[in-house]
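Colleague: coords below, sequence missing:
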């Protein structure tokens, strides 16, 4: 396995580049708690401060300040099998390759602070929603389709929630997204840049009673303009690249059907159709076309409460890939199945430790891609992917 080396301005909070953990280049790695249930119900359960990554309104469910700090380690395996490459001149050759995804370490930080006797709760978060890192060998036979594709991001969230009634709470937040990326395709393309963009999120939390609640959240993701160096054959040089990011809509529910048993679920919709191409305002043509379709995931989970000190959880997620009419070896994608288990151990009434483990299995996906420079070259193969995620998190209420 390759291991990613990060040199990032806030290294402890931004070593997030990996083969994407969700469809497209979305990351589902916001907390170890959520990891242990495949993020089912994550926008409303509110068992610790990490809920603000999914739904700012759910912060209103806290009655005391709460801190969560954690990290998720990712071990990825992505192979291209049964692949053949036909250059613009020459014979068709084998283009199979193993282990093109980088491993990663993804930290997170959350703090929620209710303002006494006001109905208002404030929050601060640092985590990531997007990232990918796929790297083919330097001597890969089809360099115009391989090379390196890397995106790292950090989301700094400033949020507020207000309890409108005993049952209804509303939330909103500002997202400050710092991203940097690198793309190489042999002598055809060389891109490296970084930038900052601003988004926002809105949330709603509704409690039917202490044991049943739902949450709804919307997150606006802006286009990220990264400044740097762009060199593209046929277009020349540019100083920036535009990276469209998808908006997100999520509905979650939590139902404690018995004193020791709860069921929860989430449905997330991502507007991946926004990610139609990578462009530069200084070029007359696009840098790379993708033309993805809207997609999302469905997850279901359960939590068992055997004692005051322990919680056990499990979940399943089906994550639908956004790739549509165009396919790409540079961001190999497929429908994915998550199998997750996790636990919470309470060190004291105010402190707890969360552990989460997920195994992600991608469906084998046939990919074909063509490129015309002088003549047409072509590659086809089957993408096989899987990953293990291991999460650890510390929670403290004050």
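Modeller: On my side now, so go ahead. Since we're looking at a predicted model, the values are computed, not measured.

Colleague: Now do the contacts for residue 145.
Modeller: Going by C-beta atoms under 8 Å, 6 or more residues apart in numbering, residue 145 touches 85, 185, 329, 330, 369, 371, 377, 379. The C-beta positions use only the backbone N, C-alpha and C, and glycine is treated the same way.

Colleague: out of these, who's nearest residue 98?
Modeller: Residue 98 has its nearest neighbour among the contacts of residue 145 in residue 329, at 13.8 Å by C-beta to C-beta.

Colleague: So the residue of the chain most remote from its centre versus residue 392, what's the distance?
Modeller: Relative to the C-alpha centroid of the chain, counting by C-alpha atoms, centre = their mean, residue 90 is the outermost residue, at 40.0 Å. Distance from residue 90 to residue 392, counting by C-beta to C-beta, to the nearest Å: 50 Å.

Colleague: swap in residue 368?
Modeller: 41 Å.

Colleague: just the strands in the stretch 51-200 of the chain please.
Modeller: 66-86, 93-94, 102-115, 120-127, 132-135, 148-163, 168-185, 189-209 (DSSP state E, counting those that start in this stretch).

Colleague: Now tell me what touches the fourth one from outside.
Modeller: I take that to be strand 120-127. So strand 120-127 is in contact with 10, 13, 30, 49, 52-53, 56, 59-60, 62, 107-115, 154-163, 173, going by C-beta under 8 Å, 6+ apart.

Colleague: Show me just the buried residues among those.
Modeller: 13, 30, 49, 52-53, 56, 59-60, 62, 107-114, 154-157, 159-163, 173 (16 or more other C-beta atoms under 10 Å).

Colleague: On the three-state scheme, the closest residue to residue 61 other than its chain neighbours is what?
Modeller: Spatial nearest neighbour of residue 61, excluding adjacent residues (C-beta to C-beta, 6 or more residues apart in numbering): residue 46 at 4.3 Å. At residue 46 the chain is in coil, as set by DSSP: H, G, I helix; E, B strand; the rest coil.

Colleague: Which residues belonging to stretch 94-106 are considered buried?
Modeller: Within stretch 94-106, judged by 16+ other C-beta under 10 Å, the buried ones are 95, 97, 100, 101, 102, 103, 104, 106.

Colleague: can you give me the end-to-end distance of that stretch?
Modeller: End-to-end distance of stretch 94-106 (C-alpha to C-alpha, to the nearest Å): 35 Å.

Colleague: chain center to that stretch, what's the gap?
Modeller: 18 Å (C-alpha atoms, centre = their mean, to the nearest Å).

Colleague: which of the strands of the stretch 51-200 of the chain is buried the deepest?
Modeller: Among the strands of the stretch 51-200 of the chain, ranked by average contacts under mean count of other C-beta atoms under 10 Å, first place goes to strand 132-135 (a mean of 24).

Colleague: tell me what it is packed against?
Modeller: strand 102-115, strand 148-163 (3 or more C-beta pairs under 8 Å, 6 or more residues apart in numbering; DSSP states H and E).

Colleague: give the contact list for the closest residue to residue 235 other than its chain neighbours.
Modeller: Closest residue to residue 235 apart from its sequence neighbours, by C-beta to C-beta, 6+ apart: residue 283 at 4.5 Å. Residue 283 makes contact with 230, 232, 235, 238, according to C-beta under 8 Å, 6+ apart.
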